[in-house]
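Engineer: coordinates only, sequence not included:
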């Protein structure tokens, strides 16, 4: 999970998106178990034209970005699903779902696997707990 020797930026990005979905689904499940009046959903904004590759200048990168930019969403279009899920009265009480283009979407079988989501939640909790303990020790 935390292997700096085998780090791949693209793979790490994809794994972080998978973890976002799994955490949202697990948090929604836990809150449902407590009868909490809170909804948690995951959204996919799509491929949005941002400045994320601005630092990677070069003829090939610039050319690919120029050609691909015609297919990318604007920031407003990218925000639309997030706004819809956060504000739509139709989604009151809807929790633990995944949304794409303002519609409920399907995610990978791994993203929907409750056992794996619970395992990720527990490992994340342990990492955060250990980090907090180390930080407290360092301050004392």
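Structural biologist: Yep, it's here. Values in this document were obtained by computation on a predicted structure and should not be read as measured data.
Engineer: Just name the shakiest helix or strand of this structure by mean pLDDT.
Structural biologist: The helix or strand of the chain with the lowest confidence, counting by mean pLDDT, DSSP states H and E, is helix 59-68 at a mean of 70.
Engineer: With adjacent residues omitted, what lies nearest to residue 39?
Structural biologist: The shortest distance from residue 39 to any non-neighbouring residue, by CB to CB, 6 or more residues apart in numbering, is to residue 95 (4.0 Å). Placement of C-beta: from N, CA and C, glycine included.
Engineer: secondary structure class for that neighbour?
Structural biologist: Following DSSP: H, G, I helix; E, B strand; the rest coil, we place residue 95 in the coil state.
Engineer: Ok, residue 99 next?
Structural biologist: At residue 99, secondary structure determined by three-state DSSP is strand.
Engineer: Could you pull out the strands in the protein for me?
Structural biologist: 42-44, 98-100, 103-104 (DSSP state E).
Engineer: separation between the most centrally placed residue in the chain and residue 96?
Structural biologist: Residue closest to the average C-alpha location in the chain (CA atoms, centre = their mean): residue 20, at 3.3 Å. Distance, residue 20 to residue 96, by CB to CB, to the nearest Å: 13 Å.
Engineer: just for the chain, where's the confidence low?
Structural biologist: For the chain, residues meeting the criterion pLDDT under 70 lie at 1-3, 51-61.
Engineer: just so I have it, where are all the helices in the chain?
Structural biologist: All helices of the chain, identified by DSSP state H, fall at 9-33, 59-68, 75-87, 114-139.
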